[in-house]
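Peer 1: Model the following, please.
(chains A and B)
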Amino acid sequence: MTNTDELKKKLGTKEEITWCPGCKNFLILEAVKKALAKLISEGYKHENLAMATGIGCHQKIYDYININGIYGLHGRVIPTAYGMKLGNPNLTVIGFAGDGDAYAEGMEHFIHAGRFNFDMTYIVADNQNFALTTGQATPTSQQGYKNKAEPLGEFNKPFNPIKLALACGMSFIARCDPRDINHTAEIIERAIKHKGFAYIEMMQHCLAFNIETNEEDRIMYKVDNKDGMKKAMELADEWDYNSKNGKIPIGIIYQENRKTQEDEWPQLKKLVEKKVGWKNFKK
Amino acid sequence: MRFNILIGGRAGQGINKVSQIVSDILTKHGYFTFNYRDYPSLIRGGHNFNVLSISDKRVGSYESELDGIIAMDEKTLLLHKNELKKNGFIIDFKEFENLGRNLNIALAGALIKIFGIEKAILVERIKQEFNNKEALDAAEKGFNKKEKKFELKKLKNNIVRMSGSQGVAEGAVNSKIDLYLSYPMTPATAVMHELAAKQIENNLVVFQPENEIAVANAGLGASFAGAKTMIGSSGGGYDLMTEALSMQGISEIPLVVYLASRPGPGTGIPTYSTQADLDVALRGGHGEFPRIVIAPGDPIECIEKTNEAFYLSEKYGALSIILSDKHLAESEFSTDRKPNKILNLEIKRKIPGEGIVKASSYEHDEFGNTTEIPAIAKKNADDRTKKYEKIKEESEKFQMIKTYGNKNAKNLIIGWGSTKTAILDAIDSIDESIENPSKGNWKFLQVLYMKPMSDEIKKEIEKADKVILIEQNVTGQLGRLIREKTGIKIKNRILKYDGKPFASDELKNDLLKIK
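Peer 2: Numbers count the residues shown, from 1 in each chain, chains lettered A, B, ... in the order given. I've put the predicted structure just below:
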């Protein structure tokens, strides 16, 4: 066994995995463990890794990764996670949310996250439906999607979360296809290493509900944008979450370096310098 | 000796400055003051007034009949002249010309003269804050304008002045708070301002998240990571927090909540006062889980009880709620009592960075991982209930109730929170009037711990001939709580719910009417 394999094993738990067979959440879990194992092998402290999850299929990852964490409330991943950063800025914090979680219930947090720019990562598993409540439409479901709550089909046009993230000033924006585990792991690693709020839209097409979205992988292609905001806007516009046409860019769509929230507070900087959280800071 | 002076004007004219200058001088002179602030929800214009109550003894309320009015505009006399006693005095803005923004200094100067306090003391105070000729001239003009009416001799009291908000902030700093999270909402906001102003010297962070839902969830995240954390709001903002408070119950992450109530339902009357949120403090949040609800009645109790709230919350992984209201939060009290010794707070639990820690809103096993096994669900529910018993046992070390007045009095008044000092003033006033046949017949039981609740309350009620409940709400919420805990229904009730706090003279009359 290689060092990374051993680390990955340490990052696992004995909990029984209850996702549907074939669910892309298995691939996301694998990519996350792969990225974290690499980071630990490079010197990140395992005990300083922490996660916050919402409620939905994605959140079961809380039981399957052996790192610190809060299994929080539906929609509240971002404040729970940035609260951890305020409590100890030395933690490496990753938020896991679903599309219902991030774009419906928790939207008021999403649109402020770029402005605050806490140094954390936010991974949204987007399967374009509320799967754990049996398939109702979310803000990214395509028009016409018939579900138990809307037998006449979804009337509302989906919004484009990548465009919204750009407009909200998030400092790192990427989209991933978990089918490509290595590429996804690489993007997660770069997101965690990014200083500031890093958002990943994870295309987690569901096998139980809204299954037609699984066809989206046919129009995906890889990008690594280094040409700034104008190019990022163009990339975001290439697919509208509604049509089966266009192109879906996968990879880093936007990245900029700017001061993080933690950099602004002299009180928090002291904790970073001394490498302690509030608990072990002498007043 | 007691004076009640109303200072009225438009918002932005500086009525608070008049109160402050006069109070500063009187504090140094050894007199107790109480400053009630009455203002609508606007920034400039309208009609604001303060009632400054002054006494040679402890005072914690205002009276409805005024000894003097200081009018900064025409409306003040129009609205309040009928509240003035027969021989009361008026200091009118019309008596002064061309003073501009120094008008308030002149008015304060005039009042100091009426009280018979030396000019040198006034000048010294004005120099401290405004060392310019215009301000000193205004003070002199005001002083010279009026005749001495009283002779307030210097007293030897050692007095400090403080609002309830300052008390809560001081209690939090004494508890070594690391993080205060809040979204602006009257009347909770003043605690945020207090803590923010001194955050660097006290080594803490005051952060304003995007809304109250974020406040509560970020509070749990921060506390989980090892920060001593308090969050604060008023009615509507607190309502938004309650889902996260319920999560506190199952995750057992320590959390202290400051809840300053104002009249509802809905937006209600935002800048006025009520005690209508006891119910929601006791029960906000779904599911069954232990919590601590403490209601201090004056700023020194705010210091002490905030410290206890932090202590109990950290020790038991519990939710502590400090319940206040606009009247306690924003009135300025004076006292010569020193707060109790500070309780030392220690975080003993393991936090991220010291190993792997998990906290969950789902029912969970000993590692924090998800479970739906009935036996574990039952055990966890039982453990949460047992925890409450331990909290109650420990709370008994603190003052859960206080009693005042004649121990053998026949009549027992029961109240809580900001009504405390008005009740004490009303009882004092009855006891001081020599001819009053009701003298010595009154004692007061103040309930500070709403949850857990002291077993002594039942004993006190059973000892009394007559029990009177005083609350500032429409349904008598403490009365219902006492009935739930003791089975005793308190029939005599004095309830006020027009947004204005009790005036002690009116309260005294209400008490004497009870047959």
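Peer 1: and the longest helix seen in chain B, anywhere near chain A?
Peer 2: For chain B, the helix with the greatest residue count under DSSP state H is helix B:374-395. No: contact of helix B:374-395 with chain A (Cβ under 8 Å from any Cβ of the partner chain) is absent, the minimum separation being 13.9 Å. All C-beta spots, glycine's among them, are computed from the backbone N, C-alpha and C.
Peer 1: What is the subsequent helix or strand relative to that helix?
Peer 2: Using DSSP states H and E, the helix or strand that follows helix B:374-395 towards the C-terminus is strand B:401-405.
Peer 1: just how off-centre is that next one within its chain?
Peer 2: 18 Å (Cα atoms, centre = their mean, to the nearest Å).
Peer 1: Touching it from outside, list them.
Peer 2: B:424, B:427, B:431, B:442-449, B:454, B:456-457, B:460 (Cβ atoms under 8 Å, 6 or more residues apart in numbering or on different chains).
Peer 1: For the most centrally placed residue in chain A, give the beta-bridge partners.
Peer 2: Residue closest to the average C-alpha location in chain A (Cα atoms, centre = their mean): A:Ile123, at 0.5 Å. Judged by DSSP bridges, the bridge partners of A:Ile123 are A:Phe96, A:Ile200.
Peer 1: which ones are touching the closest residue to B:Gly30 other than its chain neighbours?
Peer 2: Distances taken as Cβ to Cβ, 6 or more residues apart in numbering or on different chains put B:Leu155 closest to B:Gly30, at 3.0 Å, once the chain neighbours are dropped. Going by Cβ under 8 Å, 6+ apart, B:Leu155 touches B:29-31, B:56.
Peer 1: Now do the residue nearest to the centre of chain A against chain B, distance only.
Peer 2: A:Ile123 sits 17 Å away from chain B, going by Cβ to the nearest Cβ, to the nearest Å.
Peer 1: Was I right to think that residue contacts A:Asp101?
Peer 2: No: using Cβ atoms under 8 Å as the test, A:Ile123 is too far from A:Asp101 to be in contact (11.1 Å).
Peer 1: What's the local residue count around B:Gly268?
Peer 2: Per other Cβ atoms under 10 Å in any protein chain shown, the neighbour tally for B:Gly268 reads 17.
Peer 1: In contact with it: list those residues for me.
Peer 2: B:Gly268 sits in contact with B:235, B:262, B:274, where contact means Cβ under 8 Å, 6+ apart.
Peer 1: again, only using 10 Å
Peer 2: Contact analysis of B:Gly268 by Cβ atoms under 10 Å, 6 or more residues apart in numbering or on different chains lists B:234-236, B:261-262, B:274, B:276, B:499.
Peer 1: could I get those as CSV with secondary structure and neighbour count?
Peer 2: Shown next, in CSV, are these (DSSP: H, G, I helix; E, B strand; the rest coil; neighbours: other Cβ atoms under 10 Å in any protein chain shown):
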residue, secondary structure, neighbour count
B:Ser234, coil, 27
B:Gly235, helix, 23
B:Gly236, helix, 16
B:Ser261, strand, 31
B:Arg262, coil, 26
B:Thr274, coil, 26
B:Ala276, coil, 22
B:Gly499, coil, 18
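Peer 1: Chain A: which of those residues is nearest?
Peer 2: Proximity of the contacts of B:Gly268 to chain A (Cβ to the nearest Cβ) peaks at B:Gly236, which lies at 15.4 Å.
Peer 1: From B:Asn211, how far off is that closest one?
Peer 2: Computed as Cβ to Cβ, to the nearest Å, the B:Gly236 to B:Asn211 distance reads 11 Å.
Peer 1: how about the strands in the stretch 351-500 of chain B?
Peer 2: Applying DSSP state E, counting those that start in this stretch to the stretch 351-500 of chain B gives strands spanning B:358-360, B:401-405, B:411-416, B:442-447, B:449-451, B:466-471, B:492-495.
Peer 1: Return the residues in contact with the closest residue to chain A within the stretch 51-200 of chain B.
Peer 2: Closest contact between the stretch 51-200 of chain B and chain A, by Cβ to the nearest Cβ, is at B:Asp178 (3.9 Å). The neighbours of B:Asp178, taking Cβ under 10 Å, 6+ apart as the test, are A:86-88, A:267, A:271, A:277-279, A:281, A:283, B:172, B:202-205, B:222-223, B:225-230, B:347.
Peer 1: helix, strand or coil for the most centrally placed residue in chain B?
Peer 2: Nearest to the mean C-alpha position of chain B, counting by Cα atoms, centre = their mean, stands B:Leu328 at 2.2 Å. Applying DSSP: H, G, I helix; E, B strand; the rest coil to B:Leu328 yields a three-state assignment of helix.
Peer 1: can you pull the contacts of it?
Peer 2: Counting by Cβ under 10 Å, 6+ apart, B:Leu328 touches B:60, B:163-165, B:167-168, B:187, B:260-261, B:273, B:275, B:295-299, B:301-302, B:417-421, B:501.
Peer 1: returning to what we had before: from the contacts of strand B:401-405, which two are the most distant?
Peer 2: Farthest-apart pair in the contacts of strand B:401-405 is B:Asp431 and B:Tyr449; separation 27.2 Å (Cβ to Cβ).
Peer 1: Neighbour count: the two, which is higher?
Peer 2: More neighbours surround B:Tyr449 than the other of B:Asp431 and B:Tyr449, with 23 against 17 (other Cβ under 10 Å).
Peer 1: how about the nearest residue to the more buried one, chain neighbours excluded?
Peer 2: Nearest to B:Tyr449 is B:Met400, by Cβ to Cβ, 6+ apart, at 3.8 Å.
Peer 1: Kindly give the local confidence score, pLDDT, for that neighbour.
Peer 2: For B:Met400, the pLDDT comes out at 98.
Peer 1: For it, grab the count of nearby residues.
Peer 2: Residues near B:Met400, counting by other Cβ under 10 Å, number 20.
Peer 1: low-confidence ranges in the stretch 1-150 of chain A?
Peer 2: Residues of the stretch 1-150 of chain A that meet the criterion pLDDT under 70 lie in A:1.
Peer 1: switch the cut-off to 50
Peer 2: For the stretch 1-150 of chain A, no stretch has pLDDT under 50.
Peer 1: Now do B:Lys75: how many residues are near it, please.
Peer 2: The burial count for B:Lys75: 15, using other Cβ under 10 Å.
Peer 1: swap that for B:Arg283, please
Peer 2: 12.
Peer 1: right, and the helix or strand after the helix or strand hosting B:Lys305?
Peer 2: Under the criterion of DSSP H and E, B:Lys305 resides in helix B:299-316. Next helix or strand after helix B:299-316 toward the C-terminus (DSSP H and E): strand B:319-325.
Peer 1: Just checking: what are the partner strands of that following strand?
Peer 2: strand B:255-261 (parallel), strand B:291-294 (parallel).
Peer 1: just to revisit the earlier point, take the contacts of B:Asp178 and keep only those in strands.
Peer 2: The strands, defined by DSSP state E, take in B:205, B:229-230 from the contacts of B:Asp178.
Peer 1: now that we have these, which one has the most neighbours?
Peer 2: Neighbour counts for those (other Cβ under 10 Å) peak at B:Thr229, which has 33 neighbours.
Peer 1: where's it relative to chain A, distance?
Peer 2: Distance from B:Thr229 to chain A, counting by Cβ to the nearest Cβ: 7 Å.
Peer 1: tell me which residues form a beta bridge with that residue?
Peer 2: Note on B:Thr229: beta-bridge partners by DSSP bridges are B:Leu179.
Peer 1: hmm, back to that, find the residues that touch each one of A:Ile123 and A:Asp101.
Peer 2: In contact with both A:Ile123 and A:Asp101: A:53, A:58, A:77, A:95, using Cβ under 10 Å, 6+ apart.
Peer 1: Give me the subset of these that lies in strands.
Peer 2: The subset of the shared contacts of A:Ile123 and A:Asp101 that ends up in strands is A:53, A:95, with DSSP E as the criterion.
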